[in-house]
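Novice: Turn this into a structure:
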Amino acid sequence: MENCIFCKIIAGEIPSNKVYEDEDMLAFRDINPQAKVHVLVVPKSHFAMLAEMNEAQAELVKKCLQKIPEIAGKLGLSGGYRLIINQGKDAGQTVHHLHIHILGGQDMGEKML
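Specialist: Model (predicted):
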């Protein structure tokens, strides 16, 4: 997508602090971290909502979810981590390119927000 900040990061047009990349996905540190460790995992295929995914994109999300434990391990999150996928305005989705937040590096507590 032409105006998508994550697509520009994927294309290398905007710099990022990458922690993992392969042909299907990119993981990079959030510029506005909400925890000691805050990384975004972004499929390289552009779509905003889980409800919009086609079969190939669903496989990309599956691959992202399967890779997250390895990424979390490299980030030192042996005590656990939280995953968040915001879907839509009411959920706080500000970039309309599906992404998974990995939050950790501290006691996140039981409260979800």
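Novice: Show me the strands in this structure, by range?
Specialist: 18-21, 25-29, 37-43, 81-84, 100-104 (DSSP state E).
Novice: Out of these, flag the one nearest G92.
Specialist: With C-beta to C-beta, the closest approach to G92 among the strands of the chain belongs to strand 81-84: 9.1 Å. Heads up, the C-betas are built off the backbone N, CA and C, glycines and all.
Novice: Setting aside sequence-adjacent positions, which residue approaches L65 most closely?
Specialist: The shortest distance from L65 to any non-neighbouring residue, by C-beta to C-beta, 6 or more residues apart in numbering, is to I100 (7.5 Å).
Novice: Let's have the strands of the chain in JSON lines, adding mean neighbour count.
Specialist: What follows is the strands of the chain, written out as JSON lines (neighbours: other C-beta atoms under 10 Å):
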{"stretch": "strand 18-21", "mean neighbour count": "15"}
{"stretch": "strand 25-29", "mean neighbour count": "21"}
{"stretch": "strand 37-43", "mean neighbour count": "22"}
{"stretch": "strand 81-84", "mean neighbour count": "16"}
{"stretch": "strand 100-104", "mean neighbour count": "20"}
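Novice: between these, which gets nearest to M49?
Specialist: Nearest of those (C-beta to C-beta): strand 37-43, 12.4 Å.
Novice: what's that closest one in contact with?
Specialist: 6, 9-10, 19-20, 24-30, 32, 57, 60-61, 64, 67-68, 71, 75-77, 81, 97-106 (C-beta atoms under 8 Å, 6 or more residues apart in numbering).
Novice: Stretch 82-95 now?
Specialist: So stretch 82-95 is in contact with 4-6, 35, 48-51, 68, 98-104, 108, going by C-beta under 8 Å, 6+ apart.
Novice: is it true that I68 touches L103?
Specialist: No: assessed by C-beta atoms under 8 Å, I68 is found out of contact with L103, at 11.7 Å.
Novice: Quick check: the residue nearest to L65 vs E2, distance?
Specialist: Using C-beta to C-beta, to the nearest Å, I100 is found at 23 Å from E2.
Novice: That'll do, ta.
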